[in-house]
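In: Model the following, please.
(one chain, ligands or ions: 1)
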Amino acid sequence: MNKQKSSSVTLGTDSVQADPLAEFNPFPGHDRSVNSSADPEDVRDRAVTTVDQAAHDAADQPVAATGANGSRFVRACLRQPVDRTPVWFLRQAGRYMPEYMAVRKHHSLLDICRTPDIAAEVTITAAERLGVDAAIIFADLLLPLTPMGLDFEFVANEGPQIHTPLRTAEQARALRTDRTADLLYVARAIEKVATYFAARPRTEPRHPAPDTLGIIGFCGAPFTLASYMIEGGSSRNYIETKKLMYASPSDARHPERAARVEAPREISSGRSGPNLSTPPSSDAWSILMDKLITVLTEYAAQQVQAGADVIQVFDSWVGALSPSDYRDYALAPTTRLIRNIQALGVPVIYFGVETSTLLPLMRRTGCDVLGLDWRTPIDRAWRGLDYAVAIQGNLDPITLFAPERVLETRVAEILAAASNRPGHIFNLGHGIVPNTSVDSVLQIVHQIKHY
Ligand code: CP3
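Out: Next up, the predicted model:
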């Protein structure tokens with residue numbers, strides 16, 4: 001609770017007084033009148049000026065008031081100059097790391113996630129062992145499914161399995177949005193991690209200014225979480241997900257759906273009534289999107305209040321969508337979630353895999369940072385985005401299995417392609433996989449610190 005931004009996230013739903021994105025047109029060619037080439041930064045600024053005053057205050061001074069400006073990682077998220085490229089790794093605390101496996105021997109994955117002391121320890125151990133610039137809280141994308149009423153388990157070698165997948169509007173209506181306080185164990189773990197690192201600013205021989213590690217909270221994006229809820233687990237073709245999605249009115253025909261920013265719920269109690277800013281929807285997909293946005297906004301607010309400096313929104317499987325489907329079914333709910341999180345006063349990293357054709361649309365969510373997978377050259381992708389967002393990425397995680405020399409070349413290529421432009425965060429294009437050598441990960445960190 002060391003952050004000033006915490007005081008401003010307890011907003012009642014009723015406090016949204018105007019449609020904050022009324023001028024935002026995510027769909028060029030449709031009936032909104034604003035210039036579609038408007039810089040999303042401007043769109044975001046416009047959005048923020050009309051939200052409730054408390055949210056405005058929080059969004060207006062995201063990091064200066066928190067001390068997070070002492071983190072090169074947070075500064076890079078905001079495209080501010082940094083002394084060197086910040087680096088962290090997707091899945092940096094995972095099965096490749098012996099320290100994690102030692103904890104895993106005695107605890108299930110969900111036990112680790114739900115026990116703040118252990119989750120904090122796993123998070124801190126990985127960040128310190130690697131010497132990275134940010135610590136992502138140890139949790140899982142699927143945790144919010146439990147308080148929403150969908151039971152699941154992780155089956156060894158098969159991944160997550162949701163016991164009763166969601167296929168109907170009736171099931172969507174039955175999902176709970178009033179038990180998000182059950183997820184506060186994640187916030188408790190973040191508090192421990194934030195307290196730990198706040199007391200330990202670090203210097204490096206080549207970079208003597210003290211730097212505080214950035215704390216990353218995270219949640220799933222509506223499409224990716226919905227895909228787990230509907231398919232019942234991982235999927236190849238997302239047939240059930242797309243069937244439900246296509247059965248809903250597409251958002252291109254309902255652009256007002258993109259134009260809402262909900263104020264987060266009163267997070268101290270975690271209990272609240274119906275979200276009055278959400279117009280009623282009757283199809284399963286729309287109900288599901290609305291409920292996910294409600295729960296994920298509150299979950300993100302808990303994490304920010306606990307000390308998360310940045311929230312990463314994982315849309316890992318959104319690359320399954322064509323640009324048209326993304327525009328019509330995923331863009332609006334994702335935009336709403338991201339705007340809600342930004343109104344808490346923190347930058348948002350938006351990450352997906354196989355997204356090269358989606359990047360211009362993903363940028364329209366107004367995210368602060370776009371996470372790239374490794375298939376798109378970073379210089380080309382960034383130029384295509386007019387340098388209007390920060391970029392995170394994007395080494396192929398399997399390069400970590402290559403000889404030292406090859407790995408070094410690929411890392412240097414990415415750094416050269418980003419050319420020290422403010423707003424590059426070095427990362428992989430997806431998570432570290434099991435059996436990766438910790439030494440290879442350390443080699444990258446060393447190279448970046450001496451670049
Ligand atoms: O340092 C970190 O990044 C670890 C924290 C973390 C976990 N899951 C722990 C975990 C994070 C950020 C996640 C996010 C997550 N979870 C995503 C999005 C990230 C991505 O990879 O795209 C997704 C899709 C999930 C859902 C999930 N969790 C799956 C599909 C699986 C099984 C996959 C596998 O490799 O077995 C998990 C399990 C999981 N979550 C593991 C970890 C470290 C590995 C399993 C274990 O320890 O038993």
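In: contacts, neighbours, all on C-alpha from now
Out: Will do.
In: for the residue lying closest to Arg72 once chain neighbours are set aside, what are its contacts?
Out: Nearest non-adjacent residue to Arg72, counting by C-alpha to C-alpha, 6 or more residues apart in numbering: Val82, 5.7 Å away. With contact taken as C-alpha atoms under 8 Å, 6 or more residues apart in numbering, Val82 is in contact with Arg72, Arg75, Ala76, Pro422.
In: and Val82, helix, strand or coil?
Out: coil (DSSP: H, G, I helix; E, B strand; the rest coil).
In: Distance check, it against the ligand.
Out: According to C-alpha to the nearest ligand atom, to the nearest Å, Val82 stands 24 Å off from the ligand.
In: same check, this time on Tyr238
Out: Tyr238 is 14 Å from the ligand, by C-alpha to the nearest ligand atom.
In: Please apply the same query to Ala306.
Out: 17 Å.
In: now do Ala93
Out: In terms of C-alpha to the nearest ligand atom, Ala93 sits 4 Å off from the ligand.
In: which residue sits closest to that residue, ignoring its sequence neighbours?
Out: Nearest non-adjacent residue to Ala93 (C-alpha to C-alpha, 6+ apart): Ala126, at 5.2 Å.
In: For the residue nearest to Arg72, give its distance to Ala209.
Out: 11 Å (C-alpha to C-alpha, to the nearest Å).
In: Just confirm the residue nearest to Ala93 is within a helix.
Out: Yes. Under three-state DSSP, Ala126 falls within a helix.
In: Check it and give its pLDDT.
Out: On pLDDT, Ala126 comes in at 98.
In: What is the neighbour count of it?
Out: Applying other C-alpha atoms under 10 Å, we find 22 residues neighbouring Ala126.
In: Same question for Glu128.
Out: Neighbours around Glu128, by other C-alpha under 10 Å: 14.
In: before we move on, what about Asp83?
Out: Residues near Asp83, counting by other C-alpha under 10 Å: 12.
In: In terms of pLDDT, where does the closest residue to it other than its chain neighbours sit?
Out: Spatial nearest neighbour of Asp83, chain neighbours left out: His207 (6.9 Å); criterion: C-alpha to C-alpha, 6+ apart. With respect to pLDDT, His207 scores 93.
In: Phi first, then psi, for His207.
Out: Main-chain torsions, His207, degrees, to the nearest 10: phi -140, psi 80.
In: how near is it to the ligand?
Out: 25 Å.
In: Which strand residues bridge that residue?
Out: Per DSSP bridges, the residues bridged to His207 are Glu204.
In: go on, the one 10 residues further on?
Out: The residues paired with Gly217 through beta bridges, assigned by DSSP bridges, are Ile311.
In: Residue numbers of the stretch 101-250 of the chain in contact with the ligand?
Out: Leu109, Ile136, Phe138, Ala139, Asp140, Leu141, Gly159, Pro160 (C-alpha under 6 Å from any ligand atom).
In: Closest one to Ile216 out of the residues you listed, please.
Out: Ile136 (4.5 Å; C-alpha to C-alpha).
In: still on that earlier bit, please produce a PyMOL select command covering the buried subset of the residues of the stretch 101-250 of the chain next to the ligand.
Out: PyMOL command restricting these to the buried ones, with burial defined by 16 or more other C-alpha atoms under 10 Å:
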select buried, resi 109+136+138+139+141+160
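In: Quick one, which of the residues of the stretch 101-250 of the chain next to the ligand has the minimum pLDDT?
Out: Minimum pLDDT across those falls on Gly159, with 92.
In: Give me the phi and psi angles of that residue.
Out: Note on Gly159: backbone dihedrals following degrees, to the nearest 10 are phi 80, psi -160.
In: Any figure for the gap between the closest residue to Ser286 other than its chain neighbours and the ligand?
Out: In space, and not counting its chain neighbours, Ser286 is closest to Ser248: 6.6 Å by C-alpha to C-alpha, 6+ apart. From Ser248 across to the ligand, the span is 24 Å (C-alpha to the nearest ligand atom).
In: Over to Leu385?
Out: Distance from Leu385 to the ligand, by C-alpha to the nearest ligand atom: 22 Å.
In: again with Asn427
Out: As for Asn427, its distance to the ligand is 11 Å (criterion: C-alpha to the nearest ligand atom).
In: is it true that that residue touches Pro397?
Out: No. Counting by C-alpha atoms under 8 Å, Asn427 does not reach Pro397; the two are 9.2 Å apart.
In: between these two, which one's more packed in?
Out: For Asn427 versus Pro397, neighbours defined as other C-alpha under 10 Å are more numerous around Asn427 (26 against 20).
In: Got phi/psi on the closest residue to Thr357 other than its chain neighbours?
Out: Counting by C-alpha to C-alpha, 6+ apart, the nearest residue to Thr357 once its immediate chain neighbours are dropped is Pro323, at 6.7 Å. The phi/psi pair for Pro323 (degrees, to the nearest 10) reads phi -50, psi -40.
In: That'll do, ta.
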